[in-house]
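*Asks:* Prediction below, plus the sequence it came from.
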Amino acid sequence: MAKQKFDVLVLGATGFTGKWVAKHLYDHYADTKLRWGLAGRSEGKLTQVREFLGDDNNLIESIIVDSNDETALSAMVLQTKVVITTVGPYAYYGSLLVRLCAEAGTHYVDLTGEVPWMREMIDAHHITAEQSGAKIVHSCGFDSIPSDMGVYFMQQQALETYAKPMRNIRFSLTKAKGGISGGTFASMINIVKQAVRDKRVRKVLFNPYSLNPDPSFKGRDKRDQQGVVYSKELGKWTAPFLMAGVNTRIVRRSNALMGFAYGQDFSYTETMPTGSGASGYLMAKAISSAVKSIAFMSITALGRTVLGVFLPSQGEGPNVDPESPGFYAIQFNGETALNERMVVTVDGDADPGYGSTSKMLAEAGVCLALDRSRVKGGFWTPSSAMGDALLARLEEKAGLTFKVSRR
């Protein structure tokens, strides 16, 4: 530990999301005791990041490293307590880093939504991470912190109010304004490519409990919503939520890692309401069709080329307007086994695709570096690894609010 130069290193700081992670750290921790730095392949681009941050005196230290260079990457890992990485698709660029962190005892956070890759990493390196003390925490961006921490918050409130957990919780993305980075699209397309080629990947994708410590666990949840469904509870038509395939599995893994604190019969689903009446139905139908079309086009090289014309390239993202940073609102509806009800809302004050994601990812890394841990080494989820400490950081510094709106 004495040899570690940094508390936190941001790998991929020259990419679109990485530079916003760095900006959050610069804005909130430049004048604190947190020792943090940047890591990337190009000194020239790292200099541009410093200019973007306003670090005119070059006070932020950096490391030149390629994610495929094992020697350089290993040396980097040994210099820091925590690595925050935005370098994806992770199935292409992340496996070596996870292995090195697990071996070195270095904590790790990312923003991946690549469920098959996460399953592969858990199976390959969990025991090593347990032995070294490395805490590996995937999905610390919009997928899946609002879902995972929203459920965690709701369950804490349920225990205080009803002395029992919610048996059922339903997530609804009620409002959002923002875009998606090219890296997110690249990861999604890569998952479809893998699924077409490998039936083992398809098995992981279709298993609602594929990220549980025991993926053969049989619970009440089935496949995520596939088409248009009318919700009487919301009074609106709903469409499939694009991130549900990641978020639901992270939440279920959290439940299992915490000794089934939510119950072995706990059920969790996600959806996206589009409105009532004919307009709501047509919007839900359009979203459902668009999701299916993107998945279908991702199967072939020609389809991926066509998508590339319309979607941002890797390393790029939506236009950023400081006067209109985006937002999102999530509603959680739930009830206990005795039908005692609660509604929780989670609001974010920035674009979910990069603005809020970068703040959540940064705070997850800082939390692992500075806050007293509730767990030992291994592969964890945000709520199971950091719990109340992360919840406090998200509200204090990451622009999230968690509140009970109705009991």
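*Replies:* All right, it came through fine.
*Asks:* wait, is Ala364 part of a helix?
*Replies:* Yes. According to DSSP: H, G, I helix; E, B strand; the rest coil, Ala364 belongs to a helix.
*Asks:* how near is it to Tyr108?
*Replies:* In this view, Ala364 and Tyr108 are 10 Å apart by C-beta to C-beta, to the nearest Å. Where C-beta positions appear, they are placed from N, C-alpha and C, glycine not excepted.
*Asks:* Quick check: neighbours shared by those two?
*Replies:* Val137 (C-beta atoms under 8 Å, 6 or more residues apart in numbering).
*Asks:* where do the helices sit along the stretch 201-350 of the chain?
*Replies:* 244-257, 277-297, 301-310 (DSSP state H, counting those that start in this stretch).
*Asks:* who's in contact with the first one?
*Replies:* For helix 244-257, the external contacting residues (C-beta under 8 Å, 6+ apart) are 113, 115, 138-139, 143-144, 147-148, 151-152, 171, 205, 208-214, 217, 219, 221, 224-225, 241, 261-263, 266, 268-271, 380-384.
*Asks:* Quick check: mean pLDDT of that helix?
*Replies:* Per-residue pLDDT values over helix 244-257 give a mean of 97.
*Asks:* Over to the last one?
*Replies:* Across helix 301-310, pLDDT averages out at 61.
*Asks:* and the helix or strand hosting Val49, which residues are buried?
*Replies:* Following DSSP states H and E, one finds Val49 within helix 43-53. Residues of helix 43-53 classed as buried: Leu46, Val49, Arg50, Leu53 (neighbour count, 16 or more other C-beta atoms under 10 Å).
*Asks:* Just the CA coordinates for that helix, please, in PDB.
*Replies:* This file holds the C-alpha atoms of helix 43-53, laid out as PDB (Å, rounded to 0.1, in the frame of the first residue of the first chain):
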ATOM      1  CA  GLU A  43       0.200  12.200 -24.200                       C
ATOM      2  CA  GLY A  44      -1.200  14.700 -26.700                       C
ATOM      3  CA  LYS A  45      -4.800  13.700 -25.900                       C
ATOM      4  CA  LEU A  46      -4.100  13.700 -22.200                       C
ATOM      5  CA  THR A  47      -2.900  17.300 -22.600                       C
ATOM      6  CA  GLN A  48      -6.100  18.100 -24.300                       C
ATOM      7  CA  VAL A  49      -8.000  16.600 -21.300                       C
ATOM      8  CA  ARG A  50      -6.000  18.800 -18.900                       C
ATOM      9  CA  GLU A  51      -7.000  21.800 -21.100                       C
ATOM     10  CA  PHE A  52     -10.600  20.700 -21.000                       C
ATOM     11  CA  LEU A  53     -10.500  20.500 -17.200                       C
END
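*Asks:* Which parts of the stretch 1-150 of the chain are helices?
*Replies:* Using DSSP H, counting those that start in this stretch, helices in the stretch 1-150 of the chain cover 16-29, 43-53, 70-77, 90-93, 95-104, 115-132, 145-162.
*Asks:* pLDDT weak spots in the stretch 251-400 of the chain?
*Replies:* The model of the stretch 251-400 of the chain has pLDDT under 70 over residues 294-323.
*Asks:* try it again with 80
*Replies:* 290-324 (pLDDT under 80).
*Asks:* can you pull out the strands in it?
*Replies:* 267-275, 327-335, 341-348, 378-380, 400-406 (DSSP state E, counting those that start in this stretch).
*Asks:* Of all the ones you listed, which one is nearest Lys33?
*Replies:* Taking C-beta to C-beta, strand 400-406 is the member of these nearest to Lys33, at 24.2 Å.
*Asks:* Kindly calculate the angle that the closest one makes with helix 145-162.
*Replies:* 40 degrees (axes from the mean of the first three to the mean of the last three C-alpha atoms, to 10 degrees).
*Asks:* and strand 400-406, what does it pack onto?
*Replies:* For strand 400-406, the elements it packs on are helix 145-162, strand 341-348, helix 382-397, judged by 3 or more C-beta pairs under 8 Å, 6 or more residues apart in numbering; DSSP states H and E.
*Asks:* let's see 6 Å
*Replies:* Using 3 or more C-beta pairs under 6 Å, 6 or more residues apart in numbering; DSSP states H and E as the contact test, the elements touching strand 400-406 are strand 341-348.
*Asks:* contact partners of the strand it packs on?
*Replies:* Under the criterion C-beta atoms under 6 Å, 6 or more residues apart in numbering, residues 146, 150, 154, 328-335, 356, 400-407 lie in contact with strand 341-348.
*Asks:* Drop anything exposed from those residues.
*Replies:* Buried among these (16+ other C-beta under 10 Å): 146, 150, 154, 328, 330-335, 356, 400, 402, 404.
*Asks:* Which residue ranges make up each domain of this protein?
*Replies:* 6-141+356-393, 145-351+398-406 (automatic domain parsing).
*Asks:* looking at those, which is buried most?
*Replies:* Mean neighbour count, computed with mean count of other C-beta atoms under 10 Å, is highest for domain 6-141+356-393 among the domains of the chain, reaching a mean of 21.
*Asks:* Pull up the distance across that domain, start to finish.
*Replies:* Taking C-alpha to C-alpha, to the nearest Å, domain 6-141+356-393 runs 20 Å from one end to the other.
*Asks:* quick one: it to chain centroid distance?
*Replies:* 13 Å (C-alpha atoms, centre = their mean, to the nearest Å).
*Asks:* could we number from 280 for the rest of this?
*Replies:* New numbering, starting at 280: the last item is domain 285-420+635-672.
*Asks:* Next, the distance between the ends of stretch 382-401.
*Replies:* 13 Å.
*Asks:* what's the average pLDDT for that stretch?
*Replies:* The predicted model assigns stretch 382-401 a mean pLDDT of 96.
*Asks:* neighbouring contacts of it?
*Replies:* 356-357, 361-364, 369-370, 377, 380, 407, 411-417, 419-420, 422, 466, 470, 480, 483, 489, 525, 528, 636, 640, 643-644, 647, 658.
*Asks:* Same question for stretch 502-518.
*Replies:* 519, 523-524, 550-555, 559-560, 563-564, 566-567, 612.
*Asks:* how about Arg446, what does it touch?
*Replies:* So Arg446 contacts Thr615, Ala616 (C-beta under 6 Å, 6+ apart).
*Asks:* For it, give its distance to Thr550.
*Replies:* On the measure of C-beta to C-beta, Arg446 and Thr550 end up 18 Å apart.
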